[in-house]
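Q: I need the structure of the sequence given here:
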Amino acid sequence: MEFRVIPVIYFRQSVCEVGGGVIIFQALMDSLLSAYSTTSDDEDESMARARPEFPAAKRAKPDSPNPKPITTPSYRQSLSSNLPTEAEAPIPGRYISKRERAALASGGLVSDPSPRSLPLISPELGTLSVSELPHSVLSKLRHPIKGRANLGQTPEAITITLHGHTKPVNTVQWSRSHAHLLASAGMDHTICIWNVWSGEQKRARILNFHKAAVKDVKWSEQGLYVLSCGYDCSSRLIDVERGREAQVFKEDQVVGVVKFHPDNSNIFLSGGSKGLLKLWDVRMGRVVHEYTRSLGPVLDVEFSADGKQLISSSDESRSNLSENSIIVWDVSRQVPLSNQVYVEAYTCPCIRYHPKDPYFIAQSNGNYIAIFSSKSPFKLDKYRRYESHGVFGFPIKCNFSLGGDMVASGSSDGCIYFYDSTTSGLVRKIKAHEQACIDVAFHPAIPTVVATCSWNGEICIFD
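A: Numbering: from 1, shown residues only. Take a look at the predicted model:
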């Protein structure tokens with residue numbers, strides 16, 4: 001207040017000397033008051049900064065003397081959610097402008113100029129919990145069948161149909177750690193997480209982080225995470241429970257397939273349209289190995305059970321020779337062990353190792369599944385093959401059952417074909433979809449349950 005009084009006292013002395021200066025005194029007082037009055041919040045705040053500092057009000061002590069900062073959980077941390085509240089109380093001792101005081105007095109809430117982002121989880125979606133599952137399903141999940149009982153059985157009919165994708169679905173995969181959950185990747189740019197046996201909303205998450213069609217999705221063994229890839233030239237690690245993207249791995253090619261290392265979920269392999277095979281370390285977020293050779297677009301990759309070898313399948317057919325179509329690689333040395341595995345003029349959109357026996361299979365566009373030894377020199381079995389289904393240019397996939405007793409394949413006619421893995425004879429054929437059946441996935445705990453996906457976006461569960 002001294003700053004305003006000093007010029008006024010000096011002015012009164014000047015008026016007395018001049019005499020009859022009351023009018024001048026009043027005019028100058030008005031001008032001074034006008035100059036120092038507050039007309040806006042900005043000027044109010046600037047005046048508040050110009051005033052002498054007074055001791056601030058004491059702030060409330062926190063519950064703990066050294067509170068820890070809130071950090072976003074990493075890939076290896078727990079998955080408990082800490083969501084911010086809608087509105088927070090003003091900080092004690094902070095300057096509050098006129099506008100904020102008026103809003104608080106009227107009972108209104110002042111909007112946060114930089115609100116924290118919330119998980120991209122739509123309220124109409126279901127949950128990831130097992131609490132909504134029927135008792136019969138829960139019992140099977142908690143007490144999986146041991147030994148070889150029922151391992152050779154095939155499902156009877158469609159029990160559940162899942163609708164949500166608007167374009168073809170490229171793959172489906174069950175979670176091993178949360179066996180009631182199914183992931184699907186579609187050409188509509190989305191990944192869907194399904195709580196298959198839920199009595200309410202079965203679609204628990206819609207993950208739309210990709211900017212183009214999604215080609216592949218794999219569950220991680222380490223918590224509720226999925227790894228996906230697609231036409232936007234990236235692979236993405238996504239936290240399913242929070243509905244958030246954890247990491248992005250950019251490439252200069254369309255990424256068509258990803259595969260986790262069987263012994264280490266921090267390592268994964270990617271293959272793309274330029275024929276590049278890259279081994280990534282999630283912890284470092286970069287490529288640790290590259291497998292270089294003149295390959296066409298990579299169609300599929302597969303690790304051996306011990307993780308020491310990998311197989312790549314690429315679109316490398318040239319007239320009657322398909323050199324490099326299927327290559328067996330040494331993972332650690334990054335060198336091919338053989339590139340003359342399959343010399344027929346067909347591409348192979350799917351490669352699968354047998355879970356126990358020393359051989360692998362390759363889905364061929366020649367409308368059959370070829371059988372190869374997994375030991376050098378990786379010879380083709382010329383006397384056995386799985387044939388009856390059709391491929392005809394679709395990215396048809398095949399899979400072994402839980403114990404390896406059966407092979408199931410999709411087909412261009414919309415059916416599932418079940419084969420005896422030992423004799424290669426057709427066991428059963430089931431109509432699944434009106435359009436091509438693209439993928440078939442055996443449940444990891446219930447042998448008689450199978451999931452399929454179709455070129456028309458439909459997903460079916462058989463039991």
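
Q: All the helices of the protein, in order from the start?
A: Using DSSP state H, the helices of the chain run over residues 2-18, 22-36, 41-50, 98-105, 135-142.

Q: Give me the buried stretch members for the last one, please.
A: Residues of helix 135-142 classed as buried under the neighbour-count rule (16 or more other C-beta atoms under 10 Å) are Val137, Lys140, Leu141. Glycine gets a C-beta too; all of them are placed from N, C-alpha and C.

Q: again, but for stretch 374-382
A: Buried residues in stretch 374-382, defined by neighbour count with 16+ other C-beta under 10 Å: Ser374, Phe378, Leu380.

Q: With just CA atoms, put that stretch into PDB.
A: Extracted as PDB, the C-alpha positions of stretch 374-382 are listed here (Å, rounded to 0.1, in the frame of the first residue of the first chain):
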ATOM      1  CA  SER A 374      13.200 -81.500 -38.600                       C
ATOM      2  CA  LYS A 375      16.700 -83.100 -38.600                       C
ATOM      3  CA  SER A 376      19.300 -82.400 -41.200                       C
ATOM      4  CA  PRO A 377      19.100 -82.700 -44.200                       C
ATOM      5  CA  PHE A 378      15.300 -81.800 -43.600                       C
ATOM      6  CA  LYS A 379      14.000 -84.200 -46.200                       C
ATOM      7  CA  LEU A 380      10.500 -84.000 -47.600                       C
ATOM      8  CA  ASP A 381       8.300 -87.100 -46.900                       C
ATOM      9  CA  LYS A 382       7.400 -88.200 -50.400                       C
END
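
Q: Ser273: which of the buried residues of stretch 374-382 is nearest?
A: Using C-beta to C-beta, Phe378 is the member of the buried residues of stretch 374-382 that lies nearest Ser273, at 25.5 Å.

Q: Would you agree that closest one is in contact with Val341?
A: Yes: using C-beta atoms under 8 Å, Phe378 is in contact with Val341, at 4.9 Å.

Q: and for the two, which residues touch both?
A: Shared contacts of Phe378 and Val341, defined by C-beta atoms under 8 Å, 6 or more residues apart in numbering, comprise Val328, Phe372.

Q: re earlier: distance to Ser129 and pLDDT for the buried residues of stretch 374-382 - can I get that in CSV?
A: Output for the buried residues of stretch 374-382, formatted as CSV (distance: C-beta to C-beta, whole Å; pLDDT from 0 to 100):
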residue, distance to Ser129, pLDDT
Ser374, 40, 94
Phe378, 45, 94
Leu380, 47, 94
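
Q: Same list (these) but as TSV, adding distance to Ser220.
A: What follows is the buried residues of stretch 374-382, written out as TSV (distance: C-beta to C-beta, whole Å):
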residue	distance to Ser220
Ser374	25
Phe378	29
Leu380	33
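
Q: with those in mind, which one is nearest to Phe209?
A: Nearest to Phe209 among the buried residues of stretch 374-382 is Ser374, at 35.7 Å by C-beta to C-beta.

Q: show me where pLDDT drops low in the stretch 101-250 of the chain?
A: Within the stretch 101-250 of the chain, the stretches with pLDDT under 70 are 101-124, 145-152.

Q: how about the strands in it?
A: When assigned using DSSP state E, counting those that start in this stretch, the strands of the stretch 101-250 of the chain occupy the ranges 158-162, 169-174, 181-186, 191-195, 203-207, 214-219, 225-230, 234-239, 244-250.

Q: Figure out which of those is closest to Lys356.
A: Closest to Lys356 of the strands of the stretch 101-250 of the chain, according to C-beta to C-beta: strand 169-174, at 19.2 Å.

Q: Leaving out chain neighbours, which residue sits closest to Glu245?
A: Closest residue to Glu245 apart from its sequence neighbours, by C-beta to C-beta, 6 or more residues apart in numbering: Phe209 at 4.9 Å.

Q: State the number of residues packed around that neighbour.
A: 19 (other C-beta atoms under 10 Å).

Q: ok, it - contacts?
A: The neighbours of Phe209, taking C-beta under 8 Å, 6+ apart as the test, are Ser228, Arg236, Ile238, Glu245.

Q: Neighbour count and distance to Arg333 for the residues you listed - can I get that in CSV?
A: Formatted as CSV, the contacts of Phe209 follow (neighbours: other C-beta atoms under 10 Å; distance: C-beta to C-beta, whole Å):
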residue, neighbour count, distance to Arg333
Ser228, 25, 29
Arg236, 24, 29
Ile238, 25, 32
Glu245, 15, 34
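
Q: Closest one to His389 out of those residues, please.
A: The shortest approach to His389 among the contacts of Phe209 belongs to Ser228, at 27.0 Å (C-beta to C-beta).

Q: The closest residue to Ser177 other than its chain neighbours and Asp381: what is the separation?
A: Nearest residue to Ser177, sequence neighbours excluded (C-beta to C-beta, 6+ apart): Glu221, at 6.4 Å. Using C-beta to C-beta, to the nearest Å, Glu221 is found at 31 Å from Asp381.
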